[in-house]
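>>> Fold the following for me, if possible:
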Amino acid sequence: MPLPSRVSDLTSFDLLLSVAELGSIGRAAKAHGMSQPSASERLRTLEGRVGVALLERTSRGARLTTAGQLVAGWAAPVLARALDLDAGITSLRADRHSQLRIAASLTVAEYLLPAWLIALRTVSPDTATVLTAGNSVHVAEQVLAGRADLGFIESTDVPAGLTSRVVAEDELVVVVAPGHPWARRRRVTAVKAAATPLVSRESGSGTRQAWEHALGTAGIGESAEPLLEMSSTTAIKAAAIGGIGPAVLSIHAVRADLATRTLVRVEVSDLDLHRALRAVWPAGRTPRGPASDLLTIATRSVTHRADRR
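Sure thing, here's the model as predicted:
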């Protein structure tokens with residue numbers, strides 16, 4: 001069955017997510033290696049196909065409309081699956097003995113793994129890497145099923161059958177749009193945060209598990225149902241920037257947005273939101289070859305950060 005014309009051009013949806021992340025069509029065009037006029041025309045064509053305005057264009061840049069945020073949230077997992085398809089096709093052409101299959105949570109895949117893979121290339125230039133990105137539950141399932149040689153998770157608990165090692169440190173932060181009432185106070189209590197519906201990752205994500213674990217540790221048994229669930233960090237940021245509601249995200253994901261004040265950080269009293277990011281592999285086995293090299297590179301990165309303190 002042929003794809004409907006509205007969804008056949010995945011590159012345009014990918015461009016829309018880049019606008020949400022970078023805050024302007026020009027920066028998104030540069031990231032995609034195209035001119036700004038070409039990117040603008042592509043996005044106008046996408047809006048015509050969808051039938052609603054997806055972007056609000058201003059003199060300071062562009063941001064997603066409410067409809068645009070919804071479309072971005074729906075498109076993100078489709079684009080992730082397209083990357084999985086591309087990785088699978090690549091793996092068919094790769095030498096099995098020089099292939100490293102990695103499963104990684106979104107925070108690690110987007111903000112930490114690229115630098116590790118660049119370092120891996122210098123010590124193992126002939127290794128073909130296949131990456132699958134998903135939430136921490138999905139990553140653990142991939143490793144346990146033998147479909148990934150090495151996994152990286154964000155969850156506080158390590159599933160049975162896996163061995164783990166801390167490879168990075170992270171901190172969750174509550175962020176809101178500059179016009180949100182919390183942006184003026186810059187601080188809320190843990191009870192208030194727990195009682196407020198948030199824009200949240202889906203059940204099974206390490207970020208959501210870590211947030212709920214922190215609330216439980218603080219003696220807060222239950223939190224409000226999410227205002228909106230999304231499986232994409234980019235979509236969650238777009239929703240928060242658009243003023244839909246507060247969101248909880250990794251500091252790695254919002255550092256640039258905080259610097260430009262696209263988002264405002266809100267401190268949560270009496271809540272420890274630090275967490276460890278871990279590599280995982282099947283219990284009873286020792287990572288070998290490229291998997292061992294990548295584990296060493298990742299572990300060294302957290303050691304170097306500790307030494308600089």
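
>>> Averaging pLDDT per element, find the lowest-scoring helix or strand in this structure.
In the chain, no helix or strand scores lower on mean pLDDT, DSSP states H and E than helix 290-308, which sits at a mean of 73.

>>> where along the protein do the helices fall?
Secondary structure of the chain (DSSP state H): helices located at 10-22, 25-31, 36-50, 66-93, 106-111, 113-123, 136-144, 181-185, 190-195, 206-217, 233-241, 251-259, 290-308.

>>> a markdown table please, covering the ones you listed and showing mean neighbour count and distance to residue 172.
All C-beta atoms are positioned from the backbone trio N, CA, C, and that covers glycine. As requested, the helices of the chain are exported to a markdown table (neighbours: other C-beta atoms under 10 Å; distance: least, C-beta to C-beta, whole Å):
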| stretch | mean neighbour count | distance to residue 172 |
| --- | --- | --- |
| helix 10-22 | 21 | 19 |
| helix 25-31 | 19 | 26 |
| helix 36-50 | 16 | 32 |
| helix 66-93 | 16 | 20 |
| helix 106-111 | 23 | 10 |
| helix 113-123 | 15 | 19 |
| helix 136-144 | 23 | 14 |
| helix 181-185 | 13 | 16 |
| helix 190-195 | 18 | 11 |
| helix 206-217 | 21 | 6 |
| helix 233-241 | 26 | 12 |
| helix 251-259 | 17 | 7 |
| helix 290-308 | 16 | 17 |
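
>>> Isn't residue 45 up against residue 12?
Yes: using C-beta atoms under 8 Å, residue 45 makes contact with residue 12 at a distance of 6.9 Å.

>>> ok, the residue nearest to residue 298 when sequence neighbours are not counted to residue 296 distance?
Distances taken as C-beta to C-beta, 6 or more residues apart in numbering put residue 167 closest to residue 298, at 3.9 Å, once the chain neighbours are dropped. Residue 167 sits 10 Å away from residue 296, taking C-beta to C-beta, to the nearest Å as the criterion.

>>> cool, and residue 262?
36 Å.

>>> quick one: terminal-to-terminal distance for stretch 47-61?
17 Å (C-alpha to C-alpha, to the nearest Å).

>>> do stretch 118-128 as well
Taking C-alpha to C-alpha as the measure, stretch 118-128 stretches 12 Å from start to finish.

>>> Of all the helices of the chain, which one is nearest residue 281?
Nearest of the helices of the chain to residue 281, taken as C-beta to C-beta: helix 136-144 at 6.3 Å.

>>> ok so, going back, out of the helices of the chain, nearest to residue 270?
Per C-beta to C-beta, nearest to residue 270 of these: helix 190-195, 5.0 Å.

>>> which residues touch that closest one?
Residues outside helix 190-195 that contact it (C-beta atoms under 8 Å, 6 or more residues apart in numbering) are 174, 215, 218, 220, 222, 223, 224, 246, 268, 269, 270, 271.
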